[in-house]
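A.B. asks: Predicted model and sequence follow; I will ask about them next.
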Amino acid sequence: MWDFPLFPKQGSSFASQVDAIYAALWLTSGFFMVLIATLLVVFAIRFHHSQKRDRKLAEHKTALLEAVLIGGPTLIALGIFFWAAAVFFHTQQAPDDAMEVYVVAKQWMWKVQHPGGQREINALHLPVGRAVKLTMTSQDVIHSFYVPAFRVKQDVLPGRYTTLWFQPTEVGEYHLFCAEYCGLEHSRMIGKIVVMSPSDYEAWLGPGGAGPLGEAGTLSSAGGQVFAHLACNNCHVADSALRAPRLQGLFGSQVKLASGQTVIADEGYIRESVLDPNAKIVAGYPSPSLMPTFKSQISEDQLIELIEYIKLLSAAGMVGDERQPPAPGVELTPAPTPANREESNQP
Ligand code: CUA
(Lines give C-alpha, C1' and ligand atoms only; values in the text may rest on other atoms or scores of the structure.)
Protein backbone atom coordinates (compact mmCIF):
# COMPACT_ATOMS: atom_id res chain seq x y z
CA MET A 1 0.00 0.00 0.00
CA TRP A 2 2.63 2.48 1.11
CA ASP A 3 6.06 1.57 -0.19
CA PHE A 4 7.69 4.99 -0.31
CA PRO A 5 10.35 4.76 2.43
CA LEU A 6 10.44 7.79 4.72
CA PHE A 7 13.60 6.48 6.36
CA PRO A 8 16.54 4.54 5.00
CA LYS A 9 16.90 0.98 6.28
CA GLN A 10 18.32 0.65 9.79
CA GLY A 11 21.78 -0.70 9.05
CA SER A 12 23.76 -0.07 12.22
CA SER A 13 23.44 -0.41 15.96
CA PHE A 14 22.93 3.37 16.21
CA ALA A 15 20.04 3.48 13.77
CA SER A 16 17.23 2.53 16.15
CA GLN A 17 18.55 4.85 18.89
CA VAL A 18 18.79 7.82 16.53
CA ASP A 19 15.37 7.06 15.07
CA ALA A 20 13.86 6.86 18.56
CA ILE A 21 15.11 10.36 19.40
CA TYR A 22 13.87 11.62 16.07
CA ALA A 23 10.46 10.06 16.67
CA ALA A 24 10.29 11.54 20.18
CA LEU A 25 11.05 15.01 18.80
CA TRP A 26 8.34 14.62 16.19
CA LEU A 27 5.79 13.34 18.70
CA THR A 28 6.56 16.08 21.25
CA SER A 29 6.43 18.82 18.62
CA GLY A 30 3.30 17.31 17.09
CA PHE A 31 1.55 17.07 20.47
CA PHE A 32 2.18 20.73 21.32
CA MET A 33 1.39 21.89 17.81
CA VAL A 34 -2.01 20.17 17.90
CA LEU A 35 -2.68 21.35 21.48
CA ILE A 36 -1.83 24.99 20.75
CA ALA A 37 -3.63 25.09 17.40
CA THR A 38 -6.75 23.50 18.91
CA LEU A 39 -6.85 25.93 21.86
CA LEU A 40 -6.34 28.84 19.47
CA VAL A 41 -9.32 27.86 17.37
CA VAL A 42 -11.51 27.01 20.40
CA PHE A 43 -10.81 30.33 22.14
CA ALA A 44 -11.22 32.30 18.92
CA ILE A 45 -14.70 30.92 18.58
CA ARG A 46 -15.55 31.04 22.30
CA PHE A 47 -14.46 34.64 22.76
CA HIS A 48 -15.67 35.94 19.40
CA HIS A 49 -17.00 39.52 19.83
CA SER A 50 -20.53 38.33 19.10
CA GLN A 51 -20.43 36.09 22.19
CA LYS A 52 -21.43 37.41 25.57
CA ARG A 53 -18.54 36.26 27.78
CA ASP A 54 -17.01 37.31 31.04
CA ARG A 55 -13.83 39.09 29.90
CA LYS A 56 -12.58 40.17 33.33
CA LEU A 57 -9.09 39.04 34.33
CA ALA A 58 -9.05 35.85 36.38
CA GLU A 59 -8.74 36.51 40.08
CA HIS A 60 -7.85 33.06 41.33
CA LYS A 61 -4.21 32.19 42.12
CA THR A 62 -2.21 30.93 39.11
CA ALA A 63 1.05 29.91 40.81
CA LEU A 64 0.46 26.18 40.35
CA LEU A 65 -0.60 26.64 36.72
CA GLU A 66 2.51 28.70 36.01
CA ALA A 67 4.76 26.17 37.71
CA VAL A 68 3.33 23.43 35.50
CA LEU A 69 3.60 25.54 32.33
CA ILE A 70 7.23 26.45 33.05
CA GLY A 71 8.36 23.20 34.65
CA GLY A 72 6.71 20.78 32.21
CA PRO A 73 8.33 22.00 28.98
CA THR A 74 11.66 22.51 30.81
CA LEU A 75 11.67 18.91 31.99
CA ILE A 76 10.70 17.64 28.54
CA ALA A 77 13.43 19.69 26.83
CA LEU A 78 16.11 18.69 29.34
CA GLY A 79 15.01 15.05 29.15
CA ILE A 80 15.45 15.02 25.38
CA PHE A 81 18.76 16.85 25.76
CA PHE A 82 20.25 14.30 28.17
CA TRP A 83 18.86 11.38 26.19
CA ALA A 84 20.34 12.71 22.92
CA ALA A 85 23.61 13.63 24.65
CA ALA A 86 23.96 10.07 25.96
CA VAL A 87 23.50 8.67 22.45
CA PHE A 88 25.86 11.31 21.05
CA PHE A 89 28.65 10.42 23.50
CA HIS A 90 28.11 6.75 22.71
CA THR A 91 28.57 7.49 18.99
CA GLN A 92 31.78 9.43 19.72
CA GLN A 93 33.53 6.75 21.72
CA ALA A 94 34.68 3.80 19.61
CA PRO A 95 35.09 0.53 21.51
CA ASP A 96 38.68 -0.61 22.01
CA ASP A 97 38.27 -3.75 19.93
CA ALA A 98 36.93 -1.88 16.88
CA MET A 99 38.38 -2.78 13.51
CA GLU A 100 40.40 0.15 12.18
CA VAL A 101 40.07 1.50 8.68
CA TYR A 102 41.56 4.67 7.19
CA VAL A 103 39.76 6.99 4.80
CA VAL A 104 41.39 9.70 2.72
CA ALA A 105 38.97 11.98 0.89
CA LYS A 106 39.90 14.04 -2.14
CA GLN A 107 38.11 15.80 -4.95
CA TRP A 108 36.21 13.67 -5.79
CA MET A 109 36.65 10.24 -4.35
CA TRP A 110 36.90 8.22 -1.18
CA LYS A 111 40.12 6.25 -0.76
CA VAL A 112 39.89 3.48 1.82
CA GLN A 113 42.84 1.65 3.34
CA HIS A 114 42.55 -1.44 5.49
CA PRO A 115 45.37 -2.30 7.92
CA GLY A 116 45.82 -5.59 6.02
CA GLY A 117 46.86 -3.59 2.96
CA GLN A 118 43.58 -3.75 1.01
CA ARG A 119 42.80 -0.53 -0.78
CA GLU A 120 39.48 0.50 -2.23
CA ILE A 121 38.09 3.49 -4.08
CA ASN A 122 34.51 4.60 -3.35
CA ALA A 123 33.79 1.31 -1.61
CA LEU A 124 34.21 -0.12 1.86
CA HIS A 125 33.81 -3.83 2.53
CA LEU A 126 33.08 -4.81 6.11
CA PRO A 127 32.00 -7.86 8.08
CA VAL A 128 28.58 -7.71 9.72
CA GLY A 129 28.33 -7.35 13.50
CA ARG A 130 31.82 -5.97 14.03
CA ALA A 131 32.49 -2.44 15.32
CA VAL A 132 34.49 -0.36 12.84
CA LYS A 133 36.45 2.79 13.55
CA LEU A 134 37.29 5.07 10.65
CA THR A 135 40.19 7.50 10.90
CA MET A 136 39.68 10.08 8.19
CA THR A 137 41.42 13.03 6.60
CA SER A 138 41.19 15.05 3.42
CA GLN A 139 43.83 15.88 0.82
CA ASP A 140 42.15 19.10 -0.24
CA VAL A 141 38.87 20.62 1.01
CA ILE A 142 36.25 19.70 3.59
CA HIS A 143 34.21 16.63 2.76
CA SER A 144 31.70 14.77 4.89
CA PHE A 145 31.35 11.01 5.26
CA TYR A 146 27.66 10.22 5.40
CA VAL A 147 25.94 6.84 5.50
CA PRO A 148 22.22 7.44 6.02
CA ALA A 149 21.45 3.79 6.73
CA PHE A 150 23.92 3.83 9.62
CA ARG A 151 22.70 7.25 10.88
CA VAL A 152 26.27 8.54 10.95
CA LYS A 153 27.87 11.61 9.43
CA GLN A 154 31.27 13.11 10.11
CA ASP A 155 33.14 15.96 8.45
CA VAL A 156 36.46 15.02 6.90
CA LEU A 157 38.92 17.89 7.22
CA PRO A 158 42.25 18.70 5.61
CA GLY A 159 45.14 18.90 8.07
CA ARG A 160 43.72 16.71 10.82
CA TYR A 161 42.12 13.39 11.60
CA THR A 162 38.51 12.94 12.48
CA THR A 163 37.08 9.60 13.54
CA LEU A 164 33.78 7.84 13.16
CA TRP A 165 32.61 4.47 14.36
CA PHE A 166 29.60 2.25 13.85
CA GLN A 167 28.60 -1.39 13.95
CA PRO A 168 26.77 -2.72 10.90
CA THR A 169 23.95 -5.03 11.90
CA GLU A 170 22.70 -6.32 8.57
CA VAL A 171 24.30 -7.75 5.47
CA GLY A 172 23.70 -5.56 2.44
CA GLU A 173 24.88 -2.61 0.36
CA TYR A 174 24.47 0.91 1.66
CA HIS A 175 24.95 4.32 0.08
CA LEU A 176 27.92 6.45 1.04
CA PHE A 177 27.53 10.14 0.30
CA CYS A 178 29.71 13.20 0.57
CA ALA A 179 27.53 15.57 2.56
CA GLU A 180 29.61 18.74 2.28
CA TYR A 181 29.66 20.76 -0.92
CA CYS A 182 33.22 20.25 -2.14
CA GLY A 183 33.28 21.46 -5.70
CA LEU A 184 32.03 20.69 -9.18
CA GLU A 185 31.58 16.95 -8.82
CA HIS A 186 30.49 16.89 -5.18
CA SER A 187 27.25 15.11 -6.09
CA ARG A 188 29.23 12.32 -7.74
CA MET A 189 31.46 11.77 -4.74
CA ILE A 190 29.50 8.72 -3.73
CA GLY A 191 30.28 5.13 -2.91
CA LYS A 192 28.96 2.02 -1.30
CA ILE A 193 29.43 0.25 1.97
CA VAL A 194 29.26 -3.50 1.44
CA VAL A 195 28.43 -5.36 4.64
CA MET A 196 29.18 -9.07 4.30
CA SER A 197 28.81 -12.20 6.37
CA PRO A 198 32.04 -13.08 8.20
CA SER A 199 32.77 -15.97 5.80
CA ASP A 200 32.16 -13.83 2.70
CA TYR A 201 34.36 -11.16 4.22
CA GLU A 202 37.18 -13.66 4.78
CA ALA A 203 36.80 -14.72 1.15
CA TRP A 204 36.90 -11.09 0.05
CA LEU A 205 40.09 -10.49 2.02
CA GLY A 206 41.59 -13.27 -0.07
CA PRO A 207 44.39 -15.68 0.66
CA GLY A 208 46.81 -14.12 3.09
CA GLY A 209 44.58 -11.08 3.33
CA ALA A 210 46.08 -9.62 0.16
CA GLY A 211 42.71 -8.35 -0.99
CA PRO A 212 40.97 -8.38 -4.34
CA LEU A 213 43.27 -5.74 -5.76
CA GLY A 214 46.21 -8.06 -5.26
CA GLU A 215 48.08 -5.57 -3.14
CA ALA A 216 50.62 -7.42 -1.10
CA GLY A 217 51.85 -6.23 2.25
CA THR A 218 50.13 -4.63 5.18
CA LEU A 219 49.90 -0.92 5.89
CA SER A 220 52.47 -1.27 8.64
CA SER A 221 55.00 -2.99 6.37
CA ALA A 222 54.50 -0.23 3.80
CA GLY A 223 54.98 2.18 6.70
CA GLY A 224 58.25 0.46 7.54
CA GLN A 225 59.46 1.25 4.04
CA VAL A 226 58.45 4.89 4.44
CA PHE A 227 60.28 4.93 7.78
CA ALA A 228 63.44 3.62 6.14
CA HIS A 229 63.09 5.79 3.05
CA LEU A 230 62.82 8.98 5.09
CA ALA A 231 65.70 7.72 7.28
CA CYS A 232 63.65 8.12 10.45
CA ASN A 233 65.68 5.29 11.96
CA ASN A 234 68.82 7.43 11.91
CA CYS A 235 67.55 9.16 15.02
CA HIS A 236 64.60 7.12 16.28
CA VAL A 237 66.74 4.19 17.34
CA ALA A 238 65.24 1.58 19.63
CA ASP A 239 67.94 1.58 22.28
CA SER A 240 68.88 5.20 22.33
CA ALA A 241 66.62 7.93 23.59
CA LEU A 242 69.40 10.49 23.26
CA ARG A 243 68.75 11.87 19.81
CA ALA A 244 65.03 11.36 19.51
CA PRO A 245 62.21 10.01 21.63
CA ARG A 246 61.67 6.26 21.64
CA LEU A 247 58.88 5.02 19.41
CA GLN A 248 58.59 1.65 21.15
CA GLY A 249 55.63 1.71 23.48
CA LEU A 250 54.77 5.22 22.30
CA PHE A 251 51.40 4.79 20.64
CA GLY A 252 48.50 5.38 22.99
CA SER A 253 50.81 6.39 25.84
CA GLN A 254 50.91 9.68 27.71
CA VAL A 255 53.68 11.98 26.53
CA LYS A 256 55.06 14.73 28.73
CA LEU A 257 55.84 17.84 26.72
CA ALA A 258 58.45 20.52 27.24
CA SER A 259 55.57 22.94 27.82
CA GLY A 260 54.55 20.95 30.88
CA GLN A 261 51.41 19.62 29.22
CA THR A 262 50.67 15.94 28.76
CA VAL A 263 49.17 14.58 25.56
CA ILE A 264 48.06 11.16 24.40
CA ALA A 265 50.17 9.84 21.52
CA ASP A 266 47.35 9.15 19.07
CA GLU A 267 47.15 9.27 15.28
CA GLY A 268 46.74 13.05 15.25
CA TYR A 269 49.76 13.60 17.53
CA ILE A 270 52.01 11.47 15.35
CA ARG A 271 50.78 13.09 12.16
CA GLU A 272 51.40 16.55 13.60
CA SER A 273 54.84 15.62 14.92
CA VAL A 274 55.94 14.40 11.48
CA LEU A 275 54.64 17.47 9.67
CA ASP A 276 55.44 20.05 12.33
CA PRO A 277 58.03 18.71 14.79
CA ASN A 278 58.04 21.97 16.74
CA ALA A 279 54.35 21.86 17.57
CA LYS A 280 54.74 19.53 20.55
CA ILE A 281 58.28 19.02 21.79
CA VAL A 282 58.75 16.11 24.19
CA ALA A 283 60.06 17.09 27.62
CA GLY A 284 63.85 16.88 27.78
CA TYR A 285 64.46 17.49 24.07
CA PRO A 286 65.84 20.73 22.60
CA SER A 287 63.64 23.47 21.24
CA PRO A 288 63.50 24.14 18.36
CA SER A 289 63.37 20.51 17.41
CA LEU A 290 66.36 18.84 15.73
CA MET A 291 63.91 17.04 13.49
CA PRO A 292 63.12 18.69 10.16
CA THR A 293 59.58 18.90 8.87
CA PHE A 294 58.53 16.18 6.43
CA LYS A 295 55.63 18.23 5.10
CA SER A 296 56.68 18.23 1.46
CA GLN A 297 58.04 14.69 1.49
CA ILE A 298 55.12 12.63 2.68
CA SER A 299 51.57 12.11 1.44
CA GLU A 300 48.48 11.50 3.56
CA ASP A 301 48.54 7.87 2.43
CA GLN A 302 52.15 7.50 3.57
CA LEU A 303 51.38 9.19 6.88
CA ILE A 304 48.72 6.55 7.52
CA GLU A 305 51.21 3.80 6.69
CA LEU A 306 53.77 5.37 8.99
CA ILE A 307 51.25 5.58 11.82
CA GLU A 308 50.41 1.90 11.40
CA TYR A 309 54.13 1.12 11.53
CA ILE A 310 54.59 3.17 14.70
CA LYS A 311 51.61 1.33 16.22
CA LEU A 312 53.38 -1.93 15.42
CA LEU A 313 56.65 -0.65 16.91
CA SER A 314 54.71 0.41 19.96
CA ALA A 315 53.19 -3.03 20.36
CA ALA A 316 56.58 -4.67 19.76
CA GLY A 317 58.15 -2.48 22.42
CA MET A 318 55.86 -3.74 25.13
CA VAL A 319 57.22 -6.11 27.71
CA GLY A 320 56.55 -9.74 26.95
CA ASP A 321 55.35 -9.10 23.42
CA GLU A 322 57.13 -11.40 20.99
CA ARG A 323 55.95 -9.72 17.81
CA GLN A 324 58.66 -8.28 15.61
CA PRO A 325 58.10 -5.47 13.17
CA PRO A 326 58.47 -7.08 9.74
CA ALA A 327 59.54 -3.89 8.02
CA PRO A 328 62.20 -4.51 5.44
CA GLY A 329 65.44 -2.62 5.70
CA VAL A 330 64.81 -1.36 9.21
CA GLU A 331 67.25 -2.34 11.90
CA LEU A 332 65.74 -1.61 15.24
CA THR A 333 68.95 -2.41 17.06
CA PRO A 334 71.70 -1.46 17.32
CA ALA A 335 72.18 2.18 16.35
CA PRO A 336 72.86 2.44 12.65
CA THR A 337 76.44 2.44 11.49
CA PRO A 338 77.25 4.43 8.35
CA ALA A 339 77.17 1.15 6.40
CA ASN A 340 73.68 -0.01 7.31
CA ARG A 341 72.39 3.53 7.34
CA GLU A 342 73.27 3.67 3.65
CA GLU A 343 71.37 0.44 3.14
CA SER A 344 68.29 1.46 5.05
CA ASN A 345 67.95 4.66 3.07
CA GLN A 346 66.92 2.60 0.07
CA PRO A 347 63.16 2.69 -0.46
CU1 CUA B 1 33.37 15.72 -1.15
CU2 CUA B 1 31.30 16.87 -1.33
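C.D. replies: Everything's here; your move. Just so it is clear, the model here is predicted, and its values are computed rather than measured.
A.B. asks: For residue 311, see how far away the most centrally placed residue in the chain is.
C.D. replies: When C-alpha atoms, centre = their mean is applied to the chain, the residue found nearest the centroid is residue 163 (1.2 Å). Separation of residue 163 from residue 311 (C-beta to C-beta, to the nearest Å): 15 Å. Every residue, glycine included, has its C-beta placed from N, CA and C.
A.B. asks: swap in residue 8?
C.D. replies: Distance of residue 8 to residue 311, given as C-beta to C-beta: 34 Å.
A.B. asks: what's the answer for residue 278, then?
C.D. replies: Residue 278 sits 24 Å away from residue 311 when distances are taken as C-beta to C-beta.
A.B. asks: Name the residue in these two with the higher neighbour count.
C.D. replies: For residue 278 versus residue 311, the count of surrounding residues by other C-beta atoms under 10 Å is larger for residue 311: 21 against 11.
A.B. asks: Would you mind listing the buried residues in the host helix or strand of that one?
C.D. replies: Secondary structure from DSSP states H and E places residue 311 in helix 300-316. When burial is assessed from 16 or more other C-beta atoms under 10 Å, helix 300-316 yields the following buried residues: 300-316.
A.B. asks: burial of residue 157, as a residue count?
C.D. replies: When neighbours are counted by other C-beta under 10 Å, residue 157 registers 17.
A.B. asks: Which pLDDT does the model give it?
C.D. replies: For residue 157, the model assigns a pLDDT of 93.
A.B. asks: for residue 268, same thing?
C.D. replies: Residue 268 is assigned a pLDDT of 87 by the prediction.
A.B. asks: ok, now residue 60?
C.D. replies: Model confidence at residue 60, expressed as pLDDT, equals 74.
A.B. asks: what about it, distance to residue 14?
C.D. replies: With distances defined as C-beta to C-beta, the gap from residue 60 to residue 14 amounts to 49 Å.
A.B. asks: Just want to know which of those two has more residues nearby.
C.D. replies: In this view residue 60 and residue 14 are compared by other C-beta under 10 Å, and residue 14 has more residues nearby, 19 against 5.
A.B. asks: Can you name the residues that contact that one?
C.D. replies: Contacts for residue 14 were tallied using C-beta atoms under 8 Å, 6 or more residues apart in numbering; they are 87, 90-91, 150-152, 166-167.
A.B. asks: One more pass at 6 Å, please.
C.D. replies: Applying C-beta atoms under 6 Å, 6 or more residues apart in numbering to residue 14 gives the contacts 91, 151.
A.B. asks: And for residue 126?
C.D. replies: Contact analysis of residue 126 by C-beta under 6 Å, 6+ apart lists 132, 168, 195.
A.B. asks: so the first one bridges to which residues?
C.D. replies: Under DSSP bridges, the beta-bridge partners of residue 132 are residue 99, residue 166.
A.B. asks: isn't it right next to residue 102, touching?
C.D. replies: No: the pair residue 132 and residue 102 fails to qualify as a contact (C-beta atoms under 6 Å) at a distance of 11.4 Å.
A.B. asks: So for these two, which residue has more residues nearby?
C.D. replies: Neighbours per residue (other C-beta under 10 Å) separate residue 132 from residue 102, with residue 102 holding more: 25 against 21.
A.B. asks: Which helix or strand contains the more buried one?
C.D. replies: With the criterion set as DSSP H and E, the secondary-structure element containing residue 102 is strand 99-106.
A.B. asks: Following the chain past that strand, name the next helix or strand.
C.D. replies: Following strand 99-106 in sequence order, the next helix or strand is strand 109-113 (DSSP H and E).
A.B. asks: List the buried residues for that following strand?
C.D. replies: Neighbour counts over strand 109-113 (16+ other C-beta under 10 Å) mark 109-113 as buried.
A.B. asks: what distance separates that strand from the centre of its chain?
C.D. replies: Taking the mean of its C-alpha atoms, strand 109-113 sits 14 Å from the chain's own mean (C-alpha atoms, centre = their mean, to the nearest Å).
A.B. asks: again, but for stretch 276-290
C.D. replies: Centroid displacement of stretch 276-290 relative to its chain, using C-alpha atoms, centre = their mean, is 28 Å.
A.B. asks: can you give me the strands for the stretch 151-300 of the chain?
C.D. replies: Per DSSP state E, counting those that start in this stretch, the stretch 151-300 of the chain carries strands over the ranges 152-156, 162-166, 172-178, 191-196, 254-256, 262-264.
A.B. asks: picking that back up, so the residue nearest to the centre of the chain sits against residue 137, correct?
C.D. replies: No: contact status for residue 163 versus residue 137: not in contact, 10.3 Å apart, counting by C-beta under 6 Å.
A.B. asks: Need the per-residue pLDDT for whatever residue of the stretch 201-347 of the chain ends up closest to the ligand.
C.D. replies: Distances between the stretch 201-347 of the chain and the ligand by C-beta to the nearest ligand atom are smallest at residue 300, namely 14.8 Å. What the model reports as pLDDT for residue 300 is 84.
A.B. asks: which residues sit in contact with residue 58?
C.D. replies: In this structure, residue 58 makes contact with no residue, judged by C-beta under 6 Å, 6+ apart.
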